[in-house]
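[1] The amino acid sequence is not available; the structure is as follows:
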């Protein structure tokens, strides 16, 4: 049995679906079971992980735990203690190539837990461009943002979920911290061009000052520390090719999904017709 925290998130949902489709028992932890929309047959556990004792009983019979920092927050250490007491053997942590202080604290808790561990270090998620740009693209042909020449190698969260499944079900990644990226480095302007090609529209990226971008992101409800870390990362990668690794291909036996393919699978969201 695998327990997945953040089960309805961008990585958690495809992970749950993948494990379930492969015949693995899954307990999916979410704050709102009624709105989860997960496959029939998945054990859905409604719980607020700020109070990890709420799922103490659900850890019985669990062999591996997928830990999403956004879902567990400051409760990670207590949750890991309960997991070890319940006989959980392995924890797979979703971290990142760039790590903020709260996630670093969770990494330290994982290291001290005594459990087998895998730390996944993805770069930029392709879904980040959807969150930041889809509204602007639905409104017109210009995407305004900072640092047009900043370069990233966006990863499809479904690839990340597939790697997480390998880490949970096999021993090949134990004690490893694979850096996971998409297959190519693209500037923000190039990514917008990729979306425009898929939509058959003449989209362009218009660079704006970082402070203006910060105000726009704050208006989307993104926390200020996250915005500051994101802008700092972009500033450091202007005119510098992003790190591109072959870890996804080495682990999954197939190439990582190109950004253009991810965009084609999400065109309805950019058009505003996503159901």
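    Arrived safely. Predicted model, so just to flag it, every value in this text is computed and none were measured. Numbering: from 1, shown residues only.
[2] CA atoms for contacts and neighbours, from now on please.
    Will do.
[3] what distance separates the helix or strand bottoming out on mean pLDDT in the chain from the centre of its chain?
    Sorting the helices and strands of the chain by mean pLDDT, DSSP states H and E puts helix 224-236 at the bottom, at a mean of 86. Distance of helix 224-236 from its chain centroid, counting by C-alpha atoms, centre = their mean, to the nearest Å, is 17 Å.
[4] For it, give me every contacting residue.
    Residues outside helix 224-236 that contact it (C-alpha atoms under 8 Å, 6 or more residues apart in numbering): 100, 146-147, 150-151, 210, 214, 217-218.
[5] Dump those to JSON lines, plus pLDDT and secondary structure.
    Listed next are those as JSON lines, based on pLDDT from 0 to 100; DSSP: H, G, I helix; E, B strand; the rest coil:
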{"residue": "100", "pLDDT": "81", "secondary structure": "coil"}
{"residue": "146", "pLDDT": "94", "secondary structure": "coil"}
{"residue": "147", "pLDDT": "95", "secondary structure": "coil"}
{"residue": "150", "pLDDT": "95", "secondary structure": "strand"}
{"residue": "151", "pLDDT": "96", "secondary structure": "strand"}
{"residue": "210", "pLDDT": "91", "secondary structure": "helix"}
{"residue": "214", "pLDDT": "92", "secondary structure": "helix"}
{"residue": "217", "pLDDT": "85", "secondary structure": "helix"}
{"residue": "218", "pLDDT": "89", "secondary structure": "helix"}
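[6] OK, contacts around residue 241?
    For residue 241, the contacting residues are 151-152, 185-186, by C-alpha under 8 Å, 6+ apart.
[7] if we can go back for a sec, mind picking the two most distant members of the contacts of helix 224-236?
    151 and 218 (22.2 Å; C-alpha to C-alpha).
[8] Compare those two (neighbour count), which wins?
    residue 151 (26 against 14; other C-alpha atoms under 10 Å).
[9] Hmm, the more buried one is touching residue 239, no?
    Yes: assessed by C-alpha atoms under 8 Å, residue 151 is found in contact with residue 239 at 6.8 Å.
[10] where's the residue nearest to residue 42 when sequence neighbours are not counted relative to residue 43, distance?
    Take residue 42 and drop its neighbours on the chain: the residue closest to it by C-alpha to C-alpha, 6 or more residues apart in numbering is residue 26, 5.7 Å away. Here the criterion is C-alpha to C-alpha, to the nearest Å. By it, residue 26 lies 6 Å from residue 43.
[11] what do you get for residue 220?
    32 Å.
[12] Quick check: closest non-adjacent residue to the spatially most distant residue from the centre of the chain.
    Largest separation from the mean C-alpha position in the chain: residue 202, at 29.2 Å (C-alpha atoms, centre = their mean). Spatial nearest neighbour of residue 202, excluding adjacent residues (C-alpha to C-alpha, 6+ apart): residue 196 at 5.7 Å.
[13] Tell me the secondary structure at that neighbour.
    Under DSSP: H, G, I helix; E, B strand; the rest coil, the three-state class of residue 196 is helix.
[14] neighbours of it, just the number please.
    What residue 196 shows, counting by other C-alpha under 10 Å, is a neighbour count of 18.
[15] pretty sure it is touching residue 203, no?
    Yes: assessed by C-alpha under 8 Å, residue 196 is found in contact with residue 203 at 5.0 Å.
[16] okay, and for the stretch 151-275 of the chain, where does confidence drop off?
    The stretch 151-275 of the chain contains residues with pLDDT under 70 at 273-275.
[17] sorry, back to before: nearest to residue 85 among the contacts of residue 241?
    Residue 85 lies nearest to residue 152 out of the contacts of residue 241, by C-alpha to C-alpha, at 40.7 Å.
[18] How about the least confident helix or strand of the chain, which residues are buried there?
    By neighbour count on 16 or more other C-alpha atoms under 10 Å, the buried set for helix 224-236 is 227, 231, 234-235.
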